[in-house]
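Asks: dropping a prediction and its sequence here:
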Amino acid sequence: MPDSANIARFPLRFSFRRRYTYSPMNPETLRILVLDPDESSASLALRSLGGDGFRVTAVLTMKRALSLMSRQEYDLAVVALGVAGLGPRTLLARLHQVAPGVPILALVPEGRMDHAVRALKGGAEDYLTRPVDPYDLNSRIRRILERRDLNDRLAHLQSALSQRYSLSSIVQNSPAMKGVIQRIAQVASTNSTVLILGESGVGKELVAKAIHFNSPRRHRPFLAINCSAIPSDLIESELFGHERGAFTGAVERAHGKFEMAEGGTIFLDEIGEMALQTQVKLLRVLEERELMRVGGTRNIRIDVRVLAATNAPLQQRIRQGQFREDLYFRLQVITLQVPPLRARAADLSDLVRVFLDSLCRSLGVPHREISPEALFLLQNYPWPGNVRELKNLLESLLVTRPGLRIEPTDLPPAIRGERALEESLPRVEAGMTMREVERELIQKTLIRTEGNRTRAARMLAIGVRTLQRKIREYGLH
């Protein structure tokens with residue numbers, strides 16, 4: 001009888017015409033336990049699933065099932081309700097107690113929908129009504145396993161995103177950036193609107209994602225909208241959705257980004273470029289937590305956190321009549337200023353390292369180092385395009401420059417030019433002693449690293465103790 005882990009006792013040549021068309025899984029790697037006190041039914045399930053390639057074990061008793069599930073890992077259990085006289089919830093609770101992560105497909109007696117309801121409330125993934133069609137059994141099992149696989153992939157992706165945007169993963173050696181991280185930690189757990197300010201390319205969207213993925217909304221959507229990239233006559237439909245026939249081309253109802261982000265966060269980048277008419281609707285969304293689709297007649301309640309960003313001087317735009325003052329006050333509940341790269345000198349070498357690692361992986365090129373001389377030039381360049389400019393430069397160098405190390409000669413003229421080189425080097429004048437030159441070099445390096453002696457020693461290619469001794473010797477405390 002089927003009370004055995006040896007499925008070879010049943011002929012695996014027994015097969016059924018398959019109704020399903022696609023499955024990303026490999027049945028031969030998946031283990032299924034069938035618990036059914038009806039021996040003929042258990043044998044039929046075993047032959048059906050075994051013939052489809054699954055590794056199946058069929059048992060007749062609750063005791064045997066609990067014993068196997070406590071000692072072996074199964075991907076799914078097919079369980080006939082009513083085993084050992086137990087009610088659906090009690091039966092499932094005992095199985096989940098020994099194997100909490102195993103999904104269960106319940107087999108329900110014909111005409112007992114109350115059992116099906118209890119099974120679903122008790123944690124069953126799905127149910128089938130007896131007598132069970134083998135086609136339906138195979139199809140339902142695949143559906144459950146595919147859904148579980150999809151959920152596992154989603155959980156893995158969410159975990160990877162949370163790790164990628166964790167506060168500890170953001171380069172923060174400079175005092176300016178440490179202040180930003182502290183501010184993010186303060187506001188992330190709230191639902192407050194945040195206005196993120198900073199020059200173009202400083203990483204305002206990174207800050208927005210860090211807020212979202214460190215908040216209670218981290219498992220809900222994060223949607224980013226660039227308000228300057230969408231035509232003014234389309235921005236309202238993009239944000240708030242539209243009803244069928246609302247305008248030419250609106251052949252069906254469409255949900256806007258606010259509805260798509262339900263329960264999560266929406267990031268409105270370059271909000272200073274938003275049209276005044278759209279600003280009015282956005283203000284209502286922020287104040288009332290509801291919206292109306294374009295062409296609609298009813299209000300829709302929403303639960304979305306709003307983060308906004310701009311590099312424009314909003315107060316100046318208010319004076320010019322280009323931005324609503326009431327919206328500005330509603331947005332700036334909390335403001336967060338992201339510093340430009342030129343104010344983050346202590347972060348630059350780590351940023352270079354992080355970008356080189358990630359870009360080499362994404363581009364599929366060998367890992368590349370950067371010489372101390374080239375790094376020194378990068379640290380003294382003003383970076384008008386900020387972090388975006390740095391990342392784009394490194395990607396260009398990886399693609400267009402050969403070799404395993406980036407040298408000063410690889411850098412563009414704007415960075416390695418005589419003027420940049422002159423400004424990056426210590427002041428050396430005729431008549432200076434070697435001690436004076438060394439003192440000038442150490443002093444300038446400490447300034448560039450904002451007093452970080454470990455990083456300064458690394459740039460000078462000397463030990464930290466040696467540097468500390470020379471600092472005392474030259475009175476550079």
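Replies: Cool, the structure landed.
Asks: only C-alpha atoms from now on, for both contacts and neighbour counts.
Replies: Noted.
Asks: residue 391 reaches residue 355, doesn't it?
Replies: Yes. Counting by CA atoms under 8 Å, residue 355 is a contact partner of residue 391 at 6.4 Å.
Asks: domain ranges for this structure?
Replies: According to automatic domain parsing, the chain is divided into the following domains: 7-155, 167-339, 343-474.
Asks: so for residue 161, which of those domains sits nearest?
Replies: Of all these, domain 167-339 sits nearest to residue 161, with 7.3 Å by CA to CA.
Asks: after the helix-or-strand element of the chain with minimal mean pLDDT comes which helix or strand?
Replies: Least confident element among the helices and strands of the chain, by mean pLDDT, DSSP states H and E: helix 418-424 (a mean of 50). The helix or strand immediately downstream of helix 418-424 is helix 434-448, counting by DSSP states H and E.
Asks: send me that following helix as CSV with only the CA atoms.
Replies: The C-alpha coordinates for helix 434-448 follow below in CSV (Å, rounded to 0.1, in the frame of the first residue of the first chain):
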residue,chain,number,x,y,z
MET,A,434,62.0,69.4,2.4
ARG,A,435,60.4,69.6,5.9
GLU,A,436,58.3,72.6,4.8
VAL,A,437,57.2,70.8,1.6
GLU,A,438,56.3,67.7,3.6
ARG,A,439,54.4,69.8,6.2
GLU,A,440,52.4,71.5,3.4
LEU,A,441,51.6,68.2,1.7
ILE,A,442,50.3,66.6,5.0
GLN,A,443,48.4,69.7,5.9
LYS,A,444,46.6,69.9,2.5
THR,A,445,45.9,66.1,2.6
LEU,A,446,44.3,66.4,6.0
ILE,A,447,42.1,69.3,4.8
ARG,A,448,41.0,67.1,1.8
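Asks: excluding residues flanking it in the chain, which one is nearest residue 443?
Replies: Computed as CA to CA, 6 or more residues apart in numbering, the closest residue to residue 443 that is not its neighbour in sequence is residue 476, at 7.0 Å.
Asks: and residue 133, how many neighbours?
Replies: 14 (other CA atoms under 10 Å).
Asks: ok, now residue 244?
Replies: Neighbours of residue 244 (other CA under 10 Å): 15.
Asks: report pLDDT for it.
Replies: Confidence at residue 244, expressed as pLDDT, is 87.
Asks: biggest helix in the protein by residues?
Replies: The residue-count maximum for a helix in the chain (DSSP state H) belongs to helix 134-164.
Asks: what's the spacing between that helix and its chain's center?
Replies: From the chain centre to the centre of helix 134-164 is a distance of 18 Å (CA atoms, centre = their mean, to the nearest Å).
Asks: pick out the residue closest to the middle of the chain.
Replies: Among the residues of the chain, the one closest to the centroid is residue 161, at 2.5 Å (CA atoms, centre = their mean).
Asks: could you find the closest non-adjacent residue to it?
Replies: Here the residue nearest residue 161, using CA to CA, 6+ apart, is residue 213, at 7.3 Å.
Asks: so is the spatially closest residue to residue 80 that is not a sequence neighbour in a helix, a strand, or just coil?
Replies: Taking CA to CA, 6+ apart, and ignoring the residues beside it in sequence, residue 80 has residue 107 as its nearest neighbour in space, at 4.5 Å. Assigned with DSSP: H, G, I helix; E, B strand; the rest coil, residue 107 falls in the strand class.
Asks: I'm done for today, thanks for sticking with me.
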